[in-house]
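1. please find the sequence and the predicted model below.
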Amino acid sequence: MPELPEVETIRRQLDPKVAGRKISAVEIGLPRLIKYPDVESFCRLLEGQTILQLERRGKYLLFRLADGRMLVIHLRMTGRLYYQSIDEPRDKFTHIVFKLDNGFELRYADIRTLGTLELVTESELPRLKGLHGMGPEPLTEAFDLIYFSELMSKRKGKVKALLLDQRWIGGLGNIYVDESLALAGIHPERLANSLNADEVSRLYEAINRVIKEGIEHGGTSFRDYVDGEGKAGQHQQHLRVYGRKKQPCRICGTTIERHEVAGRGTYYCPHCQK
DNA sequence: CTTGGTTCCTGCGTGC
DNA sequence: TGCACGCAGGAACCAA
C-alpha cells in the first residue's frame, strides 16, 4: 500500500533512469486502467515523447514530458513500477508497458488492478480532482503548525479520518496515520477539535517524523509494496503499532489492539494513546 | 457544508 | 487436503 514514503522511494530510484529517455512504444494489456484520455489517444500522444523528469505529489507519480503533458500514475493498493531490460521476463501482473529507447522498459504491474494512469496537459490538470484538490504535504513549508492547528480546531470528525483525507493533508495513508497517532500518544477515535495545543503540536511533529523515517527506510513493505528496483522497504521493522495486533507495545508492553475506525483497520496501544 | 457507506479488484489467510 | 469465505484499503461516488 504505497503512501508518500513508498512513492517517494520509487520516484528517487526511477527518476535517474527514465529522465531524458524517449518512449518508443506503449503496450496496453488492460485498457480500463487508462482513465484519461481514451486508450488510443493515450498511446498516440505518448509515443515518441521524451520524459524530462519524474516528480511526485502526495501518492501520485508525475512523469513530466517534453510537450508539456504529464503522465500521472496512482498505484493505489497494489500497483508497482519496474524499470527492466526487455530481456527480463515480465511479472505476470504486468498490464501496461512503456518501451524506452535504450532496451529497457517501464512496466506497470498491478495485482488488484485498482491503480490509475492518466495523461493530461497543464490546463487539463484540474480534471484530476484528487491531485488538483490535494492539501499540503508533510515536510513542506505549506504544512506548518499554524495550518495544522487551524485545521484540527475547525474539524469535528475523528482525527484519524481527518489525517486520511487527502484534501487536507496529502500523502498519508492507513499505515502512517496509525504510526503518527501512536508516536503522538493520541487515540485514533479522538475528535479533531478536542485536541489541546500540546496534543496538536505533538501530532504535527509525529506526522513529519514518521514520514521522514519512512522515506529514510525506503518505505514500508507490509504486503505488496516493492520499490522501483523490485526490493522491499525496511520501515516495517520500525513500525510502532501498524500490523502488530496482539503484540506488546514497544513502550509499555500493553497488547496492541485493532479496531475499525473511519472504515479502516486501526492499530493502537490502549495504554499509551489517550 | 459534513460524514458514512458502497464500489472497485484479487491474492491470501483463516476455519471447517 | 480442499474449499468457501472475507479481509486488505485509496479514492470516486452517492446518500443522508
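-> Thanks, I have it.
2. alpha carbons of stretch A:216-234, in CSV - could you do that?
-> Taking Å, rounded to 0.1, in the frame of the first residue of the first chain, the C-alpha atoms of stretch A:216-234 are listed here in CSV:
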residue,chain,number,x,y,z
GLU,A,216,14.8,7.1,5.1
HIS,A,217,14.0,3.4,5.4
GLY,A,218,12.9,3.2,1.8
GLY,A,219,9.2,2.7,2.6
THR,A,220,7.2,0.0,4.4
SER,A,221,6.7,-3.4,2.8
PHE,A,222,3.7,-4.7,4.7
ARG,A,223,2.1,-6.7,2.0
ASP,A,224,2.6,-5.9,-1.6
TYR,A,225,4.9,-2.9,-1.8
VAL,A,226,8.2,-3.1,-3.5
ASP,A,227,10.4,-0.2,-4.7
GLY,A,228,11.4,0.8,-8.2
GLU,A,229,14.0,-2.0,-8.1
GLY,A,230,11.6,-4.7,-7.0
LYS,A,231,13.0,-4.7,-3.5
ALA,A,232,11.2,-4.5,-0.1
GLY,A,233,11.4,-1.4,2.1
GLN,A,234,12.8,-1.6,5.6
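3. pull the residues that contact it.
-> A:1-3, A:5-6, A:8-14, A:17, A:77-78, A:80-83, A:111, A:175, A:214, A:235-239, A:242-243 (C-beta atoms under 8 Å, 6 or more residues apart in numbering). Where you see a C-beta, it was placed from the backbone N, CA and C, and this is true even at glycine.
4. can you select the buried ones from those in ChimeraX?
-> In ChimeraX syntax, the buried subset of these is picked out as below (16 or more other C-beta atoms under 10 Å):
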select /A:1,2,3,5,6,8,9,10,11,13,14,17,77,78,80,81,82,83,175,214,235,236,239,242,243
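5. out of the contacts of stretch A:216-234, which are close to DNA strand B?
-> A:77, A:111 (C-beta under 7 Å from any atom of the strand).
6. let's verify residue A:53: helix, strand, or coil?
-> Recorded secondary structure, residue A:53: strand (DSSP: H, G, I helix; E, B strand; the rest coil).
7. that one bridge partners, please.
-> The partner list for residue A:53 in beta bridges (DSSP bridges) reads residue A:64.
8. residues in contact with it?
-> Neighbours of residue A:53 in contact, by C-beta under 8 Å, 6+ apart: A:15, A:19, A:64.
9. so what's it scoring on pLDDT?
-> Model confidence at residue A:53, given as pLDDT, is 97.
10. report the contact partners of the residue nearest to residue A:127 when sequence neighbours are not counted.
-> If the residues on either side of it in the chain are set aside, residue A:127 comes closest to residue A:120, at 6.3 Å by C-beta to C-beta, 6 or more residues apart in numbering. Taking C-beta under 8 Å, 6+ apart, we find residue A:120 in contact with A:36, A:69, A:70, A:72, A:127, A:128.
11. narrow these to those that are buried.
-> A:69, A:70, A:72, A:128.
12. reformat those residues as CSV; add pLDDT, distance to DNA strand B and secondary structure.
-> Output for these, formatted as CSV (pLDDT from 0 to 100; distance: C-beta to the nearest atom of the strand, whole Å; DSSP: H, G, I helix; E, B strand; the rest coil):
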residue, pLDDT, distance to DNA strand B, secondary structure
A:69, 96, 26, coil
A:70, 95, 23, strand
A:72, 95, 18, strand
A:128, 90, 17, coil
